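1. Here's my sequence, what's the structure:
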Amino acid sequence: MEFLVLLLIFGFITHRLDRRLKVQAAEIALLRGRLDKALTGTLPSAAAMQAGAAEPPIGAPVGASAGTLEPEIEPPPEAAEIGEPVFASEAASETEEPAPPPSPTPQPAAPPHRTGWRELEDSLASRWLIWLGGGTMALAAAFFIKLSVDHGWLGPSVRVALGLLSGLGLMVGGEWLRRRPMQRAVAALQPDYVPPALTAAGLFTAFISVYGGFALFGLFTPLVAFALLAGLSLAAIGLSLLQGPLIAALGLLAGYVSPLLVSTGNPDAWSLFAYLLALNGAGMGVVLYRGWRWLGWGALAGAGLWPLLWMIDPWRSGDELPTGLYLLLTSALFLVPAVRGVLDQTLPEPAPATGWRTALPGWARRKRRHPADQLAMTATVVFGFLVAAMTWRDSHGSVSLIVLGLFALLAMVGGRRTERIAGVAWIAALGVLLSLAPWSLPYVPASPPSLNADGQPLIVADPAGYPAAVAHFLWVAGGIAALFGIGGFIALWDARRAALWASISALVPLALLTLAYALVEPPETAIGWPAAALGLAALLVGATTPLGRHRHRPGASLGLAAFAAGATGAIALGATMVLQEAWLTVALAMQVPVLAWLERQLNLRELRGIALLVAAAVLVRLAINPSVLEYEGYGWIAYGYGLPALGFLVAARLMRSAPDGKGDDLVVMVLEAGALIFTTLMLSLGVHRWMAGSLEAAPSSLAEVALHTLSWLGLALLLAVDRRWSARPVAVWGRRLLVLLAAATALFLHLLALNPLWNDEWVGNWPVVNRLLLAYGAPAMLGLIYLWYDPPPSAPLRSAAPVLPLLLIATNLALEIRRAFQGPVLSGYEMSDAEWYSYSAGFLLFAVAMLVVGIRFGWGWMRHAGLILVLAVVAKVFLSDMSDLEGMYRVASFLGLGLSLVGTGWLYQRLLRPPSAGTPPEPSAPLGPPPTDDLPTDSLLDQRTH
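-> Predicted coordinates:
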């Protein structure tokens, strides 16, 4: 029975293969016939060529031999383009007919059009059906084994043996079919999917047979099953060199899945990682030999996933050595295609940038890289993270730290060997920082300093000794800092990417020193840390001397900028270690003018980016850092904000006056904006600290808010008056924002929220010169003066802008009258006839004054506002004073109003009399509506006389 089943299976497979081979043989014969027909008559026969070579052409020298002459063969026009091929029989019948006359201008034949249905048909018949057939055969083997198990036809050993033989037969059959001449001819014309489909089916059948023998029947020990599965995966990778990438992918997938399927119950890191290393080597060998870059990404996924899984669950003490060796060697394997497999050594160029990316420097943009370089960079990121994870898992043991150092060295050597991937050195540096950051260190107590007779410390000193764990960490951090610092400095010489190596040499030691200071948290009396920072700064400054002699080399200028940035950062770090609170920010801010001076002296425009980063750090610390509100005293506000503002202004001036004429850029604008922000904050915080007593208290009084408004308006007026800054974009938009802020404060706080009419706030005992003048009159006058110097850009805004200052003046007048009758607190409800009459008199005088000033200076807006106010007073007198006032107050109200109205009319007649009849009228403007009167109708903001 078993023999009959096997015979039927073998016969079926043979029949299918024979049919396929016959069909392919017919297709090859057809293609050969069409090729013969296409080439018929296009080339002369060999005999004709020999005859032509034997007889010299007419006019040739007599002594010319046949061997020295070459026949001049001109192919017919039809040979320029081969038309649609036909069968050989059709070609023979066509040769018997008379040849048509040659066309004078032959046109190339258009290639036959293939419809979408024809392409779909070809794809289904020549590709997908083949793969479907291979998968079907693999499933048939699995179903047969299951059927035999269900019915008890075959024993376990026979089933597994048949599965292995079937898989081996399919693999051998696929390779045998690939080697056949007819199959080679098909593969030369189009992709041939039959051999790899048979091989893939055989691999799958053998794989499930081995796994079934191990997991279901227990026929193989774990070691034997693992060896068989590994052998099948390696065999698949080897066959992929002959049969295509799908076999390689199948073998690689089987190889990475095998350890997961076969468990020995006693996991061993040495065995697992040795096997994975061999598998990775085989996969990367195929990638390097055949150039299948996508296979490298699959290998990277499997090679990186297994160490992570191992560190999560089966990790045991002592596994750090095999894991570390595996990570190092696998990292090197993934660097090999980029180091050895790419002949083009052109450095990567930044990709075209759009939008906000155009403002980034070239070194910060995404690069166009070769696929092998992308694989190497990504692999370095993956294995750098895994090395960091291993150091965490090992609790920063000695072995894992050695592996960390070797990984950094490997990345630097590989990056220097192939500078297209020099960025792997920076990736390794970030991996080192990531590895050391979670290091848990004990607390370092402060040693009591020696005291003098007065009880003061004689000298500040480091603690008597650090704990052993802290000392061990410091040695490790120092060693790795020396590796990157010295290694980067050595690597930059004769390098095409000198700037990158200089940045590694300068910035990585600085970052490690910063990390060490943050983790150790030494006492404030320790002087060794700032001394180390200053020593690092001195070394970096010294490194610029030899590099400065080679500034003409590519990247040397950026390298000098990197060393200058490192030195500046080291000095700032030392200041951080010594100084506290505001002085720390001052020390950071003073680095900005220093960098600007260096940029000007050394002509290193690259330093601007570093200055921008330092300026951003200072802005963040002073502008949006809530901890500054906890500082005590007044003095720190002056130097904590004033000195950074001064430093930013000096730096902006130095950068703007660059010799090349291109100094006015984004960095200068940021520095000018930072100086304006610091000045504004200095004034505002100073006022708040003076009035509220603490920076943490909320502003609540009208006097304090008025001082804020006056400071903002005064600063805006200063920016408008100063001719050196008034045209700068930062000054223009800065003063507009300040005026807008002051206007919003005056409208919502002065007039509404903090109005003394309902706020019960004391306004002062003195007449006129009191808090009312501070809150309403002074802001109004400053606002009008500002509008005089810097009128709004549009006519509607120029007409509406004076409304708020006039409203403030009117409010000041009304509240001052209220204060004269109610005292320093204005929130009472009683009002006498005298007070009510005073409002009419006061506003009438104010309206007359506005009319006089408007007519005198030709300010139409003020004249119109005065007339509106006069009409308002008239309405008040007739609607309110007539009924509410009694006695002499009513008489005085109407008498004063009448005199004022008559005087106003007389004033208009005297100052606005029409022109005489003998005076010719002035020529009207060619454009615009004619004026309604002889008054100047331009607003205050258009009639500036200064």
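
2. Could the C-alpha coordinates of the helix or strand where Ala506 lies be exported in PDB?
-> Assigned by DSSP states H and E, Ala506 belongs to helix 498-520. Included here for helix 498-520 are C-alpha records, laid out as PDB according to Å, rounded to 0.1, in the frame of the first residue of the first chain:
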ATOM      1  CA  ALA A 498      37.200  66.900   8.800                       C
ATOM      2  CA  ALA A 499      34.300  68.900  10.400                       C
ATOM      3  CA  LEU A 500      32.600  65.700  11.500                       C
ATOM      4  CA  TRP A 501      35.600  64.300  13.200                       C
ATOM      5  CA  ALA A 502      36.400  67.700  14.800                       C
ATOM      6  CA  SER A 503      32.900  67.800  16.200                       C
ATOM      7  CA  ILE A 504      33.300  64.400  17.700                       C
ATOM      8  CA  SER A 505      36.600  65.300  19.200                       C
ATOM      9  CA  ALA A 506      35.300  68.500  20.700                       C
ATOM     10  CA  LEU A 507      31.700  67.800  21.700                       C
ATOM     11  CA  VAL A 508      31.600  64.200  22.800                       C
ATOM     12  CA  PRO A 509      34.100  64.800  25.700                       C
ATOM     13  CA  LEU A 510      32.100  67.900  26.700                       C
ATOM     14  CA  ALA A 511      28.900  65.900  26.700                       C
ATOM     15  CA  LEU A 512      30.500  63.100  28.800                       C
ATOM     16  CA  LEU A 513      31.800  65.700  31.300                       C
ATOM     17  CA  THR A 514      28.300  67.200  31.500                       C
ATOM     18  CA  LEU A 515      26.800  63.800  32.100                       C
ATOM     19  CA  ALA A 516      29.300  62.900  34.800                       C
ATOM     20  CA  TYR A 517      28.600  66.200  36.600                       C
ATOM     21  CA  ALA A 518      24.900  65.600  36.500                       C
ATOM     22  CA  LEU A 519      25.200  62.000  37.700                       C
ATOM     23  CA  VAL A 520      27.700  62.500  40.500                       C
END
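
3. Counting by contacts, list what that helix packs against.
-> Judged by 3 or more CB pairs under 8 Å, 6 or more residues apart in numbering; DSSP states H and E, helix 498-520 is in contact with helix 423-436, helix 468-491, helix 528-548, helix 556-578. Backbone N, C-alpha and C define where each C-beta goes, glycine included.

4. Next, format those helices as a markdown table and append distance to Ala616, mean neighbour count and mean pLDDT.
-> Formatted as a markdown table, those follow (distance: least, CB to CB, whole Å; neighbours: other CB atoms under 10 Å; pLDDT from 0 to 100):
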| stretch | distance to Ala616 | mean neighbour count | mean pLDDT |
| --- | --- | --- | --- |
| helix 423-436 | 21 | 23 | 95 |
| helix 468-491 | 25 | 18 | 92 |
| helix 528-548 | 21 | 17 | 87 |
| helix 556-578 | 13 | 24 | 83 |
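
5. now for the ones you listed, which one comes closest to Phe383?
-> The closest of these to Phe383 is helix 423-436. By CB to CB, the value is 8.4 Å.

6. Show residues contacting the closest one.
-> The contact list for helix 423-436 (CB atoms under 8 Å, 6 or more residues apart in numbering) reads 335, 376-377, 380-381, 384-385, 387-388, 391-392, 396, 404, 407-408, 410-412, 414-416, 473, 476-477, 480, 484, 488, 491, 500-501, 503-504, 508, 511-512, 515, 519.

7. Where does Ser726 sit: helix, strand or coil?
-> coil (DSSP: H, G, I helix; E, B strand; the rest coil).

8. so which helix or strand takes in the closest residue to it other than its chain neighbours?
-> Using CB to CB, 6 or more residues apart in numbering and skipping residues adjacent in sequence, the residue nearest Ser726 is Ala720, 5.7 Å away. Assessed by DSSP H and E, Ala720 sits inside helix 702-721.

9. Quick one: distance of that helix to the chain centre.
-> Distance of helix 702-721 from its chain centroid, counting by CA atoms, centre = their mean, to the nearest Å, is 39 Å.

10. Format the CA atom coordinates belonging to the helix or strand just after that helix as CSV.
-> Per DSSP H and E, the first helix or strand lying C-terminal to helix 702-721 is helix 729-745. Taking Å, rounded to 0.1, in the frame of the first residue of the first chain, the C-alpha atoms of helix 729-745 are listed here in CSV:
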residue,chain,number,x,y,z
PRO,A,729,12.5,94.7,11.2
VAL,A,730,12.9,93.6,14.9
ALA,A,731,12.5,97.3,16.0
VAL,A,732,9.4,97.8,13.7
TRP,A,733,7.5,94.8,14.8
GLY,A,734,8.8,95.0,18.4
ARG,A,735,7.5,98.4,19.0
ARG,A,736,4.2,97.6,17.3
LEU,A,737,3.8,94.6,19.6
LEU,A,738,4.7,96.8,22.6
VAL,A,739,2.1,99.4,21.7
LEU,A,740,-0.5,96.8,21.1
LEU,A,741,0.2,95.3,24.5
ALA,A,742,0.0,98.7,26.1
ALA,A,743,-3.2,99.5,24.3
ALA,A,744,-4.8,96.3,25.4
THR,A,745,-3.7,96.9,29.0
